[in-house]
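1. Dropping a prediction and its sequence here:
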Amino acid sequence: MDKYSILRGYFGHDSFRDGQEVLIDAILAGRDALGIMPTGAGKSICYQVPALLMRGITIVVSPLISLMKDQVSALIGCGVRAAYLNSSLTMEQYNRALSLAAQGAFSLIYCAPERLMTPSFLHFAKNADIAMVTVDEAHCVSQWGQDFRPSYLRIPEFIRELKRRPIVSAFTATATRRVRDDIVSMLSLDSPQQVVTSFDRQNLYFGVQRPGDKYERLAGILERNNDKSGIIYATSRKTVEELCAKLCADGFSATRYHAGLDDEEKHNNQNDFIFDRKRIMVATNAFGMGIDKSNVSFVIHFNMPLDIESYYQEAGRCGRDGSYGECILLYAPQDVRTCRYMIEHDSGDNDLDEQTRILVKRGQLQRLEKMKQYCLTTDCLRGYILNYFGEKAQLRCTCGGKGGCSNCEGEFEDVDITIESQKVLSCIYRLAQRKLSFGEGVIAEILKGSTSAKVTSFSLDTLSTFGIMKDSTLIDIKRVIRFLDSKGCITKNAYGSFELAEGARAILIDRQLVTMKVPKKAPTKSLKPSKAGRSISNSTSRPELFWRLRSLRNQKAQEEKMPAYIIFNDSSLRDMCEKLPKTEEEFMHISGVGEAKCKKYAADFTKAIREFLSEQNG
């Protein structure tokens with residue numbers, strides 16, 4: 001077999017997605033590989049296809065039990081010999097699985113990083129033919145990543161213990177240039193083939209809203225999506241509890257997930273969501289890394305997350321099958337203070353020394369600042385995300401004029417703020433002449449002409465710039481300050497105070513024109529579907545057939561006690577509605593149908609399609 005027959009025969013796809021084939025070819029040629037690919041881009045195919053072609057076992061290092069279970073269930077459903085080894089197994093089950101693994105019963109074995117150096121697993125690995133070690137969620141190895149896990153640092157030690165060095169491949173959905181370099185260094189990758197695919201997921205709509213009543217706005221969004229499945233993220237366990245209780249009382253089908261629940265309730269609640277018994281999951285960031293649920297149509301952040309990496313990974317859990325998805329962030333200034341408090345009072349990992357802990361915390365605060373700027377920018381939200389991850393994009397509009405984010409839907413207009421910018425920069429310059437620097441609050445008060453305690457105690461009311469923006473509101477002045485910060489005209493020092501940066505000269509000296517987007521009007525009560533959303537249809541020309549097939553899929557899922565999306569995702573059902581396969585041979589041409597699934601499900605699904613067509617023609 002070759003890579004194409006593996007892709008078609010096991011996974012039911014006719015062609016590779018962007019970046020997949022390059023990484024697969026590198027691995028098959030015996031080269032290390034690093035893939036940075038957003039959620040839903042098909043990272044797993046990049047190591048699963050070569051694992052089925054290479055002689056020996058592929059060990060996949062994965063951080064979460066739920067992630068392993070979903071991956072292994074999906075592989076077994078495709079006819080692949082795979083297993084996981086983690087704490088969810090009894091000792092008898094674990095020993096049995098390890099014994100079968102030693103006999104070569106599995107092509108892929110998933111395990112947690114903490115298990116690699118245990119005596120039993122290490123003994124197995126030293127005596128087994130290990131063809132490749134794949135590191136999933138590889139950003140966890142970097143202290144500059146959003147989920148740094150010291151246990152990942154032991155992966156190179158494990159590899160050195162093997163009788164021969166296997167191919168090492170690493171994959172993650174979110175990584176800046178600094179984190180990518182860290183992955184290569186910390187995992188000791190040997191001249192890896194690196195592929196960074198576009199972070200731009202055109203099927204997702206990004207929106208930031210600043211409502212006076214977050215719950216009212218949330219309820220409006222949920223009512224508009226009353227037949228869809230989605231996730232609501234909140235910062236604290238308390239907020240999760242309160243939100244879930246209120247939503248249930250208001251008649252919404254919701255459940256909850258956070259680290260404070262006992263294991264049984266977490267397991268039951270997660271299954272209720274995965275098996276579509278509950279439509280909405282309200283959760284902290286403890287939920288989701290291992291969730292491969294393909295029919296999530298919206299992700300709402302009730303609070304601002306700690307960083308762009310976390311936000312994009314969490315938001316990316318909707319629209320995994322290519323369907324349209326909404327990613328809405330409900331922002332309030334209090335969110336920033338809450339996040340900063342969480343970072344500053346986090347005791348951190350006990351395995352870290354004090355110097356490393358300080359560096360990690362510093363990185364967290366820097367990423368928090370970028371997250372805050374995302375919430376406040378009036379530029380294209382999609383462009384902001386792409387630029388953050390090093391993918392150059394036009395900040396003015398990366399949505400192609402389709403309204404793919406709330407800032408590109410015509411809710412803003414360009415305004416000349418050249419004079420206002422010069423006044424702000426002049427104020428910061430005058431403060432620097434006195435060897436002083438302050439944050440946006442004090443700077444805004446000076447420009448507004450406020451006689452607050454801080455202004456008068458430092459005699460800032462004697463500055464030549466005092467009161468020169470008295471006709472502007474403090475909110476408007478702060479908006480200009482934040483804009484200049486985002487454009488690199490000013491920068492924060494170690495104390496969080498503003499100083500002039502390189503970009504200030506063009507405005508102060510060269511009189512460069514400065515324009516900024518400002519809101520045309522207050523946000524509406526609930527977000528209307530975007531232009532992008534209306535152009536990316538989830539529907540099919542045969543909706544009745546779609547719901548029949550979906551009902552049949554759910555019946556099979558209940559019989560086999562597995563999530564419906566592992567049998568077929570919605571895009572496969574829509575493909576059936578378009579192609580109308582009536583025989584097993586025709587069923588093999590459906591996206592996502594490999595040989596194993598064809599043999600198992602073709603008879604029932606083609607029968608349902610034939611019955612539908614007979615009714616239509618009768």
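-> Thanks, I have it. Residues are numbered from 1 along each chain as shown.
2. switch to C-alpha atoms for all contacts and neighbour counts from now on
-> Fine.
3. So which residues of the stretch 1-150 of the chain form helices?
-> 3-11, 20-28, 43-53, 65-77, 91-102, 119-127 (DSSP state H, counting those that start in this stretch).
4. could you measure the most far-flung residue of the chain relative to its centre against residue 543, distance?
-> The C-alpha centroid of the chain is most remote from residue 462, which lies 48.9 Å away (Cα atoms, centre = their mean). Going from residue 462 to residue 543 by Cα to Cα, to the nearest Å gives 71 Å.
5. re the thing from before, OK, contacts around the residue farthest from the centre of the chain?
-> By Cα atoms under 8 Å, 6 or more residues apart in numbering, the contact set of residue 462 is empty.
6. among the helices and strands of this protein, which has the poorest mean pLDDT?
-> The least trusted helix or strand in the chain, going by mean pLDDT, DSSP states H and E, turns out to be helix 531-535, with a mean of 39.
7. For residue 206, give me phi and psi.
-> phi -110, psi 130 (degrees, to the nearest 10).
8. So what sits opposite it in the bridge?
-> residue 327, residue 405 (DSSP bridges).
9. returning to what we had before: helix or strand right after the least confident helix or strand of the chain?
-> helix 543-560 (DSSP states H and E).
10. List the contacts of that next one.
-> Outside helix 543-560, the residues touching it (Cα under 8 Å, 6+ apart) are 540, 563-564, 567-568, 570, 573-574, 577, 605, 608-609, 612.
11. low-scoring stretches of the stretch 1-150 of the chain, by residue?
-> Within the stretch 1-150 of the chain, the ranges that satisfy pLDDT under 70 run 66, 145-146.
12. domains of the protein?
-> Residue ranges for the domains of the chain, per automatic domain parsing: 3-196, 204-411, 414-519, 543-617.
13. Any figure for the gap between the residue farthest from the centre of the chain and residue 468?
-> According to Cα to Cα, residue 462 and residue 468 sit 12 Å apart.
14. Over to residue 73?
-> Residue 73 is 66 Å from residue 468, by Cα to Cα.
15. circling back to that earlier point, which stretch in the domains of the chain has the least confidence?
-> Lowest mean pLDDT within the domains of the chain: domain 204-411, at a mean of 86.
16. Now do the strands for the stretch 351-500 of the chain: every range, in order, please.
-> 412-416, 490-492, 498-500 (DSSP state E, counting those that start in this stretch).
17. Indicate which one of those is closest to residue 102.
-> Among those, strand 490-492 comes nearest to residue 102, with 56.2 Å by Cα to Cα.
18. quick revisit: give me the subset of the contacts of helix 543-560 lying in helices.
-> Secondary structure from DSSP state H places 564, 567, 570, 573, 574, 577, 605, 608, 609, 612 of those in helices.
19. tell me which of those residues is nearest to residue 46?
-> Among the ones in helices among the contacts of helix 543-560, and counting by Cα to Cα, the member closest to residue 46 is residue 567, at 20.8 Å.
20. Now tell me what touches stretch 503-516 from outside.
-> By Cα under 8 Å, 6+ apart, stretch 503-516 touches 378, 413-418, 421-422, 425-426, 483, 487-490.
21. change it to 6 Å
-> With contact meaning Cα atoms under 6 Å, 6 or more residues apart in numbering, stretch 503-516 is reached by 414, 415, 416, 417, 418, 422, 488, 489.
22. quick one on the thing from earlier: between the ones in helices among the contacts of helix 543-560, which is closest to residue 108?
-> Distances from residue 108 to these, taken by Cα to Cα, are shortest for residue 567, at 19.9 Å.
23. what about the closest one, distance to residue 602?
-> In terms of Cα to Cα, residue 567 sits 12 Å off from residue 602.
24. now residue 63
-> 35 Å.
25. With residue 22 instead?
-> Taken as Cα to Cα, the span from residue 22 to residue 602 is 32 Å.
26. quick one, which of these two is more surrounded?
-> residue 602 (22 against 16; other Cα atoms under 10 Å).
27. Look up the closest residue to the more buried one, ignoring the ones flanking it.
-> Distance criterion Cα to Cα, 6 or more residues apart in numbering; nearest residue to residue 602, sequence neighbours excluded, is residue 584 at 5.5 Å.
28. What about the one you found, how many residues nearby?
-> There are 15 residues near residue 584, going by other Cα under 10 Å.
29. again, but for the one 4 residues further on
-> As a burial measure, the neighbour count of residue 588 was computed by other Cα under 10 Å and equals 21.
30. and the nearest residue to it once chain neighbours are set aside, what helix or strand is that in?
-> Once flanking residues are discounted, residue 588 sits nearest to residue 598: 6.1 Å by Cα to Cα, 6+ apart. Under the criterion of DSSP H and E, residue 598 resides in helix 595-617.
31. Any buried residues in that helix, and which?
-> 595, 596, 597, 598, 601, 602, 605, 606, 608, 609, 612 (16 or more other Cα atoms under 10 Å).
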